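Colleague: Here is a sequence with its predicted model. Questions after.
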Protein chains: 2
Amino acid sequence: MDICAEKCINEKKVRQTVKTIPQQEDIGQMVDIFKALGDPSRLKIVLALLNQEHCVCDIAVICGQTDSAISHQLRILRTMKIVKNRREGKIIYYSIDDDHVISLIHMSLDHVRH
Amino acid sequence: MDICAEKCINEKKVRQTVKTIPQQEDIGQMVDIFKALGDPSRLKIVLALLNQEHCVCDIAVICGQTDSAISHQLRILRTMKIVKNRREGKIIYYSIDDDHVISLIHMSLDHVRH
DNA sequence: TTAACATATGAACAACTGTTCAAATGAAGA
DNA sequence: TCTTCATTTGAACAGTTGTTCATATGTTAA
């Protein structure tokens, strides 16, 4: 591995830090979580479900958006295993399925409020 | 406020949850942080600076990207007060400027690894 | 002052993302 | 069965975002 053949200024520091960087795959997964929460619609959905489970059309009312828009976002959150759902007749209830995400949100709330 | 004139299914639950949702402004700030970390280039920069301060061109080497691309991203991170910089002659050193962000990253690393 | 270098900036472009609209499922009750 | 209702899905469109390239700052040393 020839890091920094001629470009970098402090080769020793670069080598030190490179060793500490997580694997590409881990970085990708971290990015995915942050990206999932980095959209107002999705964050608001997750914040709503933080309180209790809700069906799609109630989430739509809470978030002030279309059922369809909410459903699209829920699919993304479901794919990422951030939320799960259960059916009760015609109605499908969504809830949070990831404790780490709950912690992340509480921590970011602290950040915003201090 | 007429939440849910006819659309929603469980009006009581909707009202309960609406009360718990943070203000729009707080949500916006939370989204901004998550969005900032929700990009591979920026997250990698922050991960690098987590270890120690670095100059722009060393970050570029660490991240395998152009000086210019790194500089653009650093501007975003600087604007958000996630990183700060200090000048030493021609060289500008960047470092993390936000402890909450450090916590968020550690928590997401835990998430990925368990 | 000039040359060399580290960093920053602006415009342009491609790629990605979220919402909308229309239509399709699939479950419950008539 | 047919109808109604909650939810899902797909295509299309607009808006956003990250990178690239060329150029501009601003600092140091000659």
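Modeller: Right, received. Where do you want to start? Just so it is clear, the structure is predicted and the values come from calculations on it, not from any experiment.
Colleague: Verify the stated contact: residue A:100 with residue B:108.
Modeller: Yes - counting by CB atoms under 8 Å, residue A:100 does reach residue B:108; the two are 7.5 Å apart. Glycine gets a C-beta too; all of them are placed from N, C-alpha and C.
Colleague: More neighbours: which of the two?
Modeller: residue B:108 (24 against 15; other CB atoms under 10 Å in any protein chain shown).
Colleague: what's near enough to touch that one?
Modeller: By CB atoms under 8 Å, 6 or more residues apart in numbering or on different chains, the contact set of residue B:108 is A:30, A:33, A:34, A:100, A:104, B:37.
Colleague: Residue A:65 - how many residues pack around it?
Modeller: For residue A:65, using other CB under 10 Å, the count is 16.
Colleague: same deal with residue A:87?
Modeller: Neighbours around residue A:87, by other CB under 10 Å: 8.
Colleague: List buried residues within the contacts of residue B:108.
Modeller: A:30, A:33, A:34, A:104, B:37 (16 or more other CB atoms under 10 Å in any protein chain shown).
Colleague: Return the member of the residues you listed nearest to residue B:90.
Modeller: residue B:37 (29.6 Å; CB to CB).
Colleague: How about that closest one: what's its closest non-neighbour residue?
Modeller: Spatially, and ignoring its direct neighbours in sequence, residue B:37 is nearest to residue A:34 (4.1 Å; CB to CB, 6 or more residues apart in numbering or on different chains).
Colleague: quick one, phi psi at the one you found?
Modeller: Taking degrees, to the nearest 10, you get phi -60, psi -40 for the backbone angles of residue A:34.
Colleague: do residue A:39 as well
Modeller: Torsion angles, degrees, to the nearest 10, at residue A:39: phi -140, psi 130.
Colleague: Against chain B, how distant is it?
Modeller: Noted for residue A:39: a distance of 7 Å to chain B, by CB to the nearest CB, to the nearest Å.
Colleague: ok, now residue A:56?
Modeller: In terms of CB to the nearest CB, residue A:56 sits 9 Å off from chain B.
Colleague: isn't that residue right next to residue A:74, touching?
Modeller: Yes - here residue A:56 reaches residue A:74: they are 6.7 Å apart, a contact under CB under 8 Å.
Colleague: list residues touching both of those two?
Modeller: Common neighbours of residue A:56 and residue A:74, using CB under 8 Å, 6+ apart, are residue A:94.
Colleague: Might you report the residue contacts of residue A:30?
Modeller: Contacts of residue A:30 by CB under 8 Å, 6+ apart are A:22, B:37, B:43, B:105, B:108, B:109, B:111, B:112.
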